[in-house]
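**Q** I would like to see how this sequence folds:
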Amino acid sequence: QVQLVESGGGSVQAGDSLRLTCAVSGRTFGIGIDEMGWFRRAPGKAREFVAGIRWTGALITYYADSVKGRFTISRENAKNTAYLQMNGLRPEDTAVYYCAAALGAAYNHWGQGTQVTVSS
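**A** Predicted coordinates for the structure are as follows:
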């Protein structure tokens, strides 16, 4: 059974940085899991995609326009862990952040979420 556990959220000021961590157990990167992603849900809004990293063939990263240039997704195979480095945080980045794993073509395993609050 695949389990994802996020950590690293918190309350910060605008302009600060945070690094979110997603530890994966039950499957190994590259053996069954080909892609990891980060999503977020702000209060009163639908869940939205933030960043993804795919390693079927070449390593590819992609981002929502709202975080491009500020957030960086990465992975560490030896630890079966994915990260989301968030710099230049803004109040509009306030949300619960979820990591997700794709076994096959879609994101089908999710973590429990970690709260990020950015005050101005």
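
**Q** contacts, neighbours, all on C-alpha from now
**A** Will do.

**Q** so Arg75 touches Cys99, yeah?
**A** No. Applying CA atoms under 8 Å, one finds Arg75 not in contact with Cys99, separated by 12.0 Å.

**Q** hmm, Ala14 and Met86 touching each other?
**A** No. With contact defined as CA under 8 Å, Met86 does not reach Ala14; the gap is 11.4 Å.

**Q** more neighbours: which of Arg75 and Cys99?
**A** Per other CA atoms under 10 Å, whichever of Arg75 and Cys99 has more neighbours is Cys99, with 31 against 19.

**Q** what helix or strand does that one sit in?
**A** strand 95-102 (DSSP states H and E).

**Q** Met86 and Ala14 - which one has more neighbours?
**A** Ranked by neighbour count (other CA under 10 Å), Met86 and Ala14 place Met86 first, with 20 against 17.

**Q** apart from its neighbours in sequence, what residue is nearest that one?
**A** Leaving aside its chain neighbours, Met86 sits nearest to Phe71 (4.5 Å; criterion: CA to CA, 6 or more residues apart in numbering).

**Q** number of nearby residues for that neighbour?
**A** 20.

**Q** following element in sequence after the strand holding Cys99, please.
**A** Going down the chain from strand 95-102, the next helix or strand is strand 107-110, by DSSP H and E.

**Q** what residues sit buried inside that following strand?
**A** Neighbour-count burial for strand 107-110, counted by 16 or more other CA atoms under 10 Å, picks out Trp110.

**Q** which residues touch that strand?
**A** Val2, Gln3, Leu4, Met36, Gly37, Tyr98, Cys99, Ala100, Ala101, Ala102, Leu103 (CA atoms under 8 Å, 6 or more residues apart in numbering).

**Q** what are the pairing partners of that strand, and which direction each?
**A** strand 95-102 (antiparallel) (DSSP bridges).

**Q** the partner strand: how far from the chain's middle?
**A** Counting by CA atoms, centre = their mean, to the nearest Å, strand 95-102 is centred 5 Å from the centre of its parent chain.

**Q** dump the C-alpha coordinates for it into PDB.
**A** Coordinates of each C-alpha in strand 95-102 appear next as PDB, following Å, rounded to 0.1, in the frame of the first residue of the first chain:
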ATOM      1  CA  ALA A  95      -3.500  26.800   1.400                       C
ATOM      2  CA  VAL A  96      -3.300  23.200   2.500                       C
ATOM      3  CA  TYR A  97      -0.700  21.600   0.300                       C
ATOM      4  CA  TYR A  98      -1.000  18.000  -0.700                       C
ATOM      5  CA  CYS A  99       1.500  15.700  -2.400                       C
ATOM      6  CA  ALA A 100       0.400  13.100  -4.800                       C
ATOM      7  CA  ALA A 101       1.900  10.100  -6.600                       C
ATOM      8  CA  ALA A 102       1.000   8.800 -10.000                       C
END
